[in-house]
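Student: Give me coordinates for this.
(chains A and B)
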2 protein chains.
Amino acid sequence: MTHYLDTINGPADLKKLDRSQLPALADEIRQALIAKVTAVGGHMGPNLGVVEATIAMHYVFDSPTDKIIWDVSHQSYTHKILTGRKQAFLDPAHYHDVTGYTNPKESEHDQFVVGHTGTSISMAVGMAKGRDLCGRKENVIAFIGDGSMSEGEAFEGLDNAGEMDTNLIIILNDNEMSIAPDHGGIYKGLAELRATNGACEHNLFRAFGLDYRYVADGNDVDALIDALQEVKDIDHPVVVHIHTDKGLGLEWAHEDKESGHWTLPAAAIEAMAEHPVEDYATLTCSYLLNKMKQDRRVVVLSAGTPGNGGFGPEQRRQAGDQFVDVGIAEQHAVAEISGIAKAGGKPVYEVASTFLQRAYDQLQQDLALQGNAATIIVAGFGDAIGPDDNTHANVFDIAMTNTIPGLTGLAPATKEEYFAMLDWAIDHAGRPVVIAEPGTLTYEADLNIEPAQPAAVPFTANDLDYRLIARGSKVAILALGNFLPLGLKVRKALAKQGIDATVIDPRVYSDLDTATLESLKAGHSVVVTLEDGALVGGFGERIAAYYGPSGMRVLAYGAHKEFTDRVPTETLYERYRLNPDQIVQDVVAAL
Amino acid sequence: MTHYLDTINGPADLKKLDRSQLPALADEIRQALIAKVTAVGGHMGPNLGVVEATIAMHYVFDSPTDKIIWDVSHQSYTHKILTGRKQAFLDPAHYHDVTGYTNPKESEHDQFVVGHTGTSISMAVGMAKGRDLCGRKENVIAFIGDGSMSEGEAFEGLDNAGEMDTNLIIILNDNEMSIAPDHGGIYKGLAELRATNGACEHNLFRAFGLDYRYVADGNDVDALIDALQEVKDIDHPVVVHIHTDKGLGLEWAHEDKESGHWTLPAAAIEAMAEHPVEDYATLTCSYLLNKMKQDRRVVVLSAGTPGNGGFGPEQRRQAGDQFVDVGIAEQHAVAEISGIAKAGGKPVYEVASTFLQRAYDQLQQDLALQGNAATIIVAGFGDAIGPDDNTHANVFDIAMTNTIPGLTGLAPATKEEYFAMLDWAIDHAGRPVVIAEPGTLTYEADLNIEPAQPAAVPFTANDLDYRLIARGSKVAILALGNFLPLGLKVRKALAKQGIDATVIDPRVYSDLDTATLESLKAGHSVVVTLEDGALVGGFGERIAAYYGPSGMRVLAYGAHKEFTDRVPTETLYERYRLNPDQIVQDVVAAL
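Tutor: From the prediction side, this is the model:
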């Protein structure tokens, strides 16, 4: 039933509806959201919670003249429906016409491409400042969830908003949840505000110098419209704190808010239930739980994404005080693990590649410069070069961490190597170690390596050298981490050309094994580097620079310097010449 | 007069003094601080303000069993005096025995090497967590200034502290100043707390879920001891807000707190007054003030360090609302300039190389991914490879920003190029531009380039190609930014060997001028890259990788992958083989 939705092709159409008709419109939207997200996956709970708030915003404000800035923007589906993109939510043939995030290339109603948290207030402060400099008068609205409010950037934004003396409206969408439960002292304060209808003494927002309003039922479109009409064209910054119900309208997502935050397509969930497969998250979680039992000092940290590391509610219960969710606060997480290590603990921080970027300075100053023994597991959620959104690229971590002295960066190729490295990092390394968790689960036995290698993984404290997988001549392939199987495929393809290539599993990307690199000068004229990540600043460039003064030809393969948005892996591999036949072609030309 | 100081070689000696003797000790320390900092320069105001607080901490707590964690740690001079390092403050021959920051290599009383702001609370949370995991009971104390409290990491730390249920003492040293005046909404709240003796309704710290105490006179050692004795061994986190007087005891630093924050040696100040020299900060500030007058949309931002860009109180007054100090909040600054640009403004963010690191993710996600036209001027405060503290290294910005797609990175070699680039970035580029401000002020006319070049700087919107400075053969020197004069020296030295080298001013480090690089293949067999920054991830590695498949020899020069701490420039140049004769030697070997 899309009785009302049929009439809406933009915010102007929404404004033609009577306020009394809006709850029915909300129902229609909610049904469309449930149908689409069930079919193709996506952010379920966050979107179901803000249907009314989005309707109210577009009913009261005049987008795109008024600027609505979405935090993370994974809750912008209703906004997309109301701003000319409803087909992408109503017609399965058009489900993939839009991204899961806002994007100015999609619509003039979208101000930014956003996928990381806590950015909206600062960007809104900027848009308000730019507006004032240009002498305009539109409303600038930031829409931010309670989970995002634990992010340092959001606090900095709030602090700067608190000093402004101009129109700026911050809507705090408080659904009492981050991805997982909220963590941080501010959430006690938010609970008190909810309990007192916004009237309690210790008000975070007033303490930041901001005006403040509270809307008890953030799914009551009428109450929301009243509240927003009151603040429209306001002459100073104000926080409108609305209490919404995450997952409203879909029983399972409403009951299990953590699972309902983001979901795979229903068909995929069913298939996985029938044929469960091992993955690194589950294996790592079991390993770490076991480690914790053996050693009280081991503690695992997550910055608001515990499920990504396999730590669901049950695993967190088992871990007890040996698991810490710091909230979405990556900077803090890195500083905290440095402090834990300094005090004698054995911290392990699990983080997604794209979010570790938030802690670049902390990795350098708070951790690497101290030399404290902490372990960071960086997950790319599958192969790094792949169809990710441009807001969630996972190709930059090796290049980023490679620029930092004092960090040991490891890229295991197999499951056995990965766990050997974890053991080493936690118990023996005595320094900060970053481990790039591979995407593909490769077992030593799967590699079918010739000549056969000892099964034991030779990774010990004093053994940071490269691992020789196959000795040949003329061509040496340095296949980092995830790309060792690709390296072996290239070796096979070269063999057909009569070339018996050497294959090396470098394992370490932060430091050069110069003995091995020197030894390759004998009998090899071409070195190929393969890395599942960005070329600029990456492993291959360093190898090329190492051989720069020599006559060695170096062919470095990896991701080009670009943002890619939902581009199929095959397209990227073709573009980056990562297919074995392309590599062989280049090698033959270079020989 | 060092009557009491003579008796003190560690905290145990301090504890032997009667409380009534401590003000006299404070006087002695203050005189020592004034004498040393006047003679050799350093942080004057911050240290003078916390003499009593430091005495009180060491009187009450038992360092190093109890852990004192200093934020920024530029105010730790009294701590050093009281923990066995007094000679470095009393004896001019030993003035340089200690660094200006805490350092565990110097003393077991120092927990971390610190120089960036806002880290202490998070590190303290970590040390408290580590302590609990290990089953110990010591006090963990973070000592943080009000200026540092605007930093996102500090807020994240406060938020995490607010959720803990264990001993953690946060001493907020409120001297009503950052380096320059504080900026942010929280400072209204701090002022209200001071005005109400800590009793006002909107208490930031209670809103973060924390217990709170107030000490009105933070330079009253007796009051401080009472307050700290009350919180010693407390079983939950508490904020002790002390109101101190920055610069106390030295009239000029007390009156002009901004100038008194950090000072050059008195002799250097005198010499500069007699022989004023042009520098990039002053020139840039004049340029920007003029630009602002011509165009209302131009706005300059600083994250708490306006003086570094030449914007003292008078320049800020002139700029009016076209200058924004966001407080020490680098993440916010980058997001705000993106927002300003999106709304039609022309933002210019001035930042030190070492502090830009705080905004790595914002550079990528909030700015570069958006493609918004903002300008960032990155200052290294002199030549990047130099005697900086390891907490304030300026060699990483080119490598760091180079990994980010969508940022145009420029490294001007001369004053004329720098301002041409600024013009281009602000008015024409239409995209985010990072400009690495050179340290040395080089004029085109100074370069004595042969063959003579046109004086005009050919830097326009469509002209991102490298600039040919001298055409030769066999050897091509790509001398980036600050290192163009070095490149010309190498050319001269090579001429003595009969080699007529090509010299190129690349100007752009973010993108390769492949036409020029290809053209060098004709007639050249060695390419030398020179960059005043880190090699790993830098310009030279990319050039080496570009030429990897060819027979071109590439010799890349720059800083090795290491933290260096106050190492003389000459030592580093020798180590990195940056002297012309060393380079010539390598080139001759490679030819």
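
Student: Show me chain A divided up by domain.
Tutor: Following automatic domain parsing, chain A resolves into domains at A:5-263, A:276-437, A:466-590.

Student: Tell me which of those lies nearest to residue B:397.
Tutor: Checking those against residue B:397 by C-beta to C-beta gives domain A:276-437 as the closest, at 10.1 Å. In this view, the C-beta of every residue, glycine as well, is placed from N, C-alpha and C.

Student: what about that closest one, average pLDDT?
Tutor: Regarding domain A:276-437, the rounded mean pLDDT is 96.

Student: Can you say which helix or strand has residue A:486 in it?
Tutor: helix A:484-496 (DSSP states H and E).

Student: now do the same end-to-end measure for stretch A:340-349.
Tutor: Distance between the two ends of stretch A:340-349: 11 Å, counting by C-alpha to C-alpha, to the nearest Å.

Student: what does stretch A:357-368 give?
Tutor: Terminal residues of stretch A:357-368 are spaced 15 Å apart (C-alpha to C-alpha).

Student: quick one: is that stretch near chain B?
Tutor: Yes - using C-beta under 8 Å from any C-beta of the partner chain, we find that stretch A:357-368 touches chain B at A:357-358, A:360-362, A:364-366, A:368.

Student: Between these, identify the one with the most neighbours.
Tutor: Counting neighbours by other C-beta atoms under 10 Å in any protein chain shown, residue A:358 leads these with 33 neighbours.

Student: Could you look up the SS state of that residue?
Tutor: helix (DSSP: H, G, I helix; E, B strand; the rest coil).

Student: what is the rounded mean pLDDT of stretch A:157-165?
Tutor: Confidence for stretch A:157-165, expressed as mean pLDDT, is 97.

Student: how far does that stretch stretch from start to finish?
Tutor: Start-to-end, stretch A:157-165 (C-alpha to C-alpha) is 14 Å.

Student: Is there proximity between that stretch and chain B?
Tutor: Yes - residues of stretch A:157-165 contacting chain B under C-beta under 8 Å from any C-beta: A:157-163.

Student: among these, which are in helices?
Tutor: Counting by DSSP state H, these place A:157-161 in helices.

Student: Isn't residue A:299 up against residue A:345?
Tutor: Yes - at 5.6 Å, residue A:299 counts as touching residue A:345 under the criterion of C-beta atoms under 8 Å.

Student: Quickly list what's touching both of these two.
Tutor: Listed as contacting both residue A:299 and residue A:345 by C-beta atoms under 8 Å, 6 or more residues apart in numbering or on different chains are B:129, B:133.

Student: related to what we said a few turns ago, now do the buried residues in the helix holding residue A:486.
Tutor: A:484-491, A:493-494 (16 or more other C-beta atoms under 10 Å in any protein chain shown).

Student: same check, this time on stretch A:467-486
Tutor: Neighbour-count burial for stretch A:467-486, with 16+ other C-beta under 10 Å as criterion, is recorded at A:467, A:469-470, A:472, A:474-486.

Student: Let me know how buried residue A:96 is, in neighbour terms.
Tutor: 10.

Student: Are we agreed that it is in a helix?
Tutor: Yes - the assignment for residue A:96 by three-state DSSP puts it in a helix.
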